[in-house]
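>>> pasting the sequence and the predicted model now:
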Amino acid sequence: MTAEGIRGTVVVGAGILGCLVAREILAADPGASVTVIDRDLIASGASRRSAGLHFPRATNPAVRALAVESQRYYVELAASRPELPIHPLGMTVVAPERTGATLRTVYLPEANLRRVTEIPNDVTLPDGMVAWKGDGCQYADVPALTQALAAELRPRVEFLEGVAVTGMSSDSDGVRLSLGTGATLTAERVVLAPGPWLSAKAWRHLVEPLGARVKKIVALHIEEPPTEKDGAIVFQEEDAFLLPYRHRGHWLFSYTCTEWDVDPDTVEPGVTPVHLAEARELLERYAPRLADRCVSGRVFCDAYAPDQAPLVRALTDDGRLVFAGAANGSGYRLAPAVAREAVRLLPTQTLSLEDRKETK
């Protein structure tokens, strides 16, 4: 493609969210023209390093509505496509005894939380802490899932991989995208789903007013094989969890790293002594036997919104350009609902190709 082309809807970003946006556009209009553009390969950004844990929890009313919709979406998707890498899990929530009433408002009814005395073998409960069992938990191999969804979409969606968007502007003709290949194209509508690449030159001026920030994400690998009976263990107060990564043959421990305003293009992907010390300190409290086996992991970053709810906003007055993302580390968990909201925001009436030709 060397000359300017015209597209119906362009999705910028081919992670789990971008691919679900394309899927939702076609669900609403099977004949729609959809192009998905990514500077790298499909699922090569934050989706590549996603833990993929989904549990029915919401931190505020806005997130609760998204969590309910996403919970239903994944249940239906897994039932209709059992070959997809979505795996049901048991769930144990560890939290202070005094928070029991609040806990039931944080988790959805589908969680069916119930107080238990039996806890996983490697977990100890400090004084004042108790455990609840819950339902509705699953985890996915997010890169594999994203690629499977993209493969399903390819007959109807044009994917441009390894193509960077270097410029973006909107006018009465549509949204004009300049590409790293030297080509340009004009889109009727654009959904921008850039993951943590909020500061890319092409759209930084549009996204900056949203107030989103980028935070480092750290998850450590615990070199011990999980069993089929093992479930996720959520440490509610610490916003951390242990996940049996059965498809990889080890456990994953995600904890809250507080390094802010990092750049996804320069963030060091290696685990540091500080990361190991922070993770082991928490593990020593709840699962001391696992602490010494926490020796490696994954480091990247994600975008966070100011009010702890994902951002789905029109970036231009005409509504042609919509931002979707900043899901606060819950990109996979809330992606279906965020994708649907983004598609609902897109204008349904845009200037057709024939009408545009007549006005030239």
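Cool, got the structure.
>>> the nearest residue to residue 85 once chain neighbours are set aside and residue 204, how far apart?
Sequence neighbours aside, residue 141 is the residue nearest to residue 85 in space, at 3.9 Å (criterion: CB to CB, 6 or more residues apart in numbering). Every residue, glycine included, has its C-beta placed from N, CA and C. Residue 141 sits 32 Å away from residue 204, going by CB to CB, to the nearest Å.
>>> one more: residue 274?
From residue 274 to residue 204 the distance is 29 Å (CB to CB).
>>> which stretches of this protein have low pLDDT?
Residues of the chain that meet the criterion pLDDT under 70 lie in 1-4, 349-360.
>>> mind naming the longest helix for it?
Across the chain, the helix with the greatest residue count (assigned by DSSP state H) is helix 61-80.
>>> what lies in contact with that one?
54, 56-58, 84, 86, 88, 108, 110, 136, 138, 307-310, 330, 333-338, 340-341 (CB atoms under 8 Å, 6 or more residues apart in numbering).
>>> so which of the residues you listed sit within strands?
Judged by DSSP state E, the contacts of helix 61-80 include 54, 86, 88, 136, 138 as members of strands.
>>> between all of these, which two are separated the most?
86 and 136 (12.6 Å; CB to CB).
>>> nearest residue to residue 257 other than its sequence neighbours?
Going by CB to CB, 6+ apart, residue 257 has residue 218 as its nearest residue, at 4.3 Å.
>>> correct me if wrong: that neighbour contacts residue 254.
Yes: when contacts are counted by CB atoms under 8 Å, residue 218 is listed as touching residue 254 (7.5 Å).
>>> any idea where the strands of the stretch 151-300 of the chain begin and end?
157-161, 165-171, 174-179, 184-192, 213-222, 232-235, 240-245, 250-255, 294-304 (DSSP state E, counting those that start in this stretch).
>>> re earlier: any figure for the gap between the residue nearest to residue 85 and residue 219?
14 Å.
>>> check residue 109 too.
29 Å.
>>> and residue 241, by the same measure?
From residue 241 to residue 219 the distance is 9 Å (CB to CB).
>>> who touches both of these two?
What both residue 241 and residue 219 touch, as defined by CB under 8 Å, 6+ apart, is the set 51, 253, 254.
>>> what is the neighbour count of the residue lying closest to the last one once chain neighbours are set aside?
In other words, residue 254. Of all residues not flanking residue 254 in the chain, residue 219 sits nearest, at 4.2 Å (CB to CB, 6+ apart). If you count neighbours by other CB atoms under 10 Å, residue 219 ends up with 24.
>>> what does residue 133 give?
The burial count for residue 133: 17, using other CB under 10 Å.
>>> with the one 10 residues further on instead?
Close neighbours of residue 143, defined as other CB under 10 Å, add up to 21.
>>> list phi and psi for it.
As for residue 143, its main-chain torsions (degrees, to the nearest 10) stand at phi -60, psi -40.
>>> do I have it right that it meets residue 51?
No: between residue 143 and residue 51 there is no contact under CB under 8 Å: 11.7 Å.
>>> check the offset of stretch 139-158 from the chain's centre.
Relative to its parent chain, stretch 139-158 has a centroid offset of 14 Å by CA atoms, centre = their mean, to the nearest Å.
>>> can you list the buried residues in that stretch?
139-143, 145-150, 153, 157-158 (16 or more other CB atoms under 10 Å).
>>> where along the stretch 1-150 of the chain do the helices fall?
16-28, 46-49, 61-80, 100-106, 142-153 (DSSP state H, counting those that start in this stretch).
>>> most tightly surrounded among the ones you listed?
helix 16-28 (a mean of 25; mean count of other CB atoms under 10 Å).
>>> contacts for stretch 227-246, please.
By CB under 8 Å, 6+ apart, stretch 227-246 touches 51, 53, 55, 57, 87, 89-96, 99, 103, 106, 120, 123, 137, 139, 221-222, 226, 251-256, 282, 286-287, 290.
>>> got a PyMOL select line for the buried ones in those?
Buried residues among those (16+ other CB under 10 Å), as a PyMOL selection:
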select buried, resi 51+53+55+57+87+89+91+92+93+94+95+103+106+120+123+137+139+221+222+226+251+252+253+254+255+282+286+287+290
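>>> span of stretch 147-162 from start to end?
Start-to-end span of stretch 147-162 (CA to CA, to the nearest Å) is 15 Å.
>>> please disregard the earlier target; I meant stretch 244-253.
By CA to CA, one end of stretch 244-253 lies 9 Å from the other end.
>>> how about that stretch: buried residues?
Buried-residue list, stretch 244-253, by 16+ other CB under 10 Å: 244, 245, 246, 250, 251, 252, 253.
>>> surely residue 314 is in contact with residue 342?
No: counting by CB under 8 Å, residue 314 does not reach residue 342; the two are 9.8 Å apart.
>>> on that earlier part again, quick one: closest of the strands of the stretch 151-300 of the chain to residue 7.
Here strand 184-192 is closest among these (CB to CB), at 4.6 Å.
>>> adjacent strands (with direction) for that closest one?
Next to strand 184-192 in the sheet, as set by DSSP bridges, lie strand 5-12 (parallel), strand 174-179 (antiparallel), strand 321-325 (parallel).
>>> who wins for proximity to residue 298 among those?
strand 321-325 (19.9 Å).
>>> what inclination does that closest one have with respect to strand 294-304?
150 degrees (axes from the mean of the first three to the mean of the last three CA atoms, to 10 degrees).
>>> and strand 321-325, how far from the chain's centre?
Counting by CA atoms, centre = their mean, strand 321-325 comes out at 14 Å from the chain centroid.
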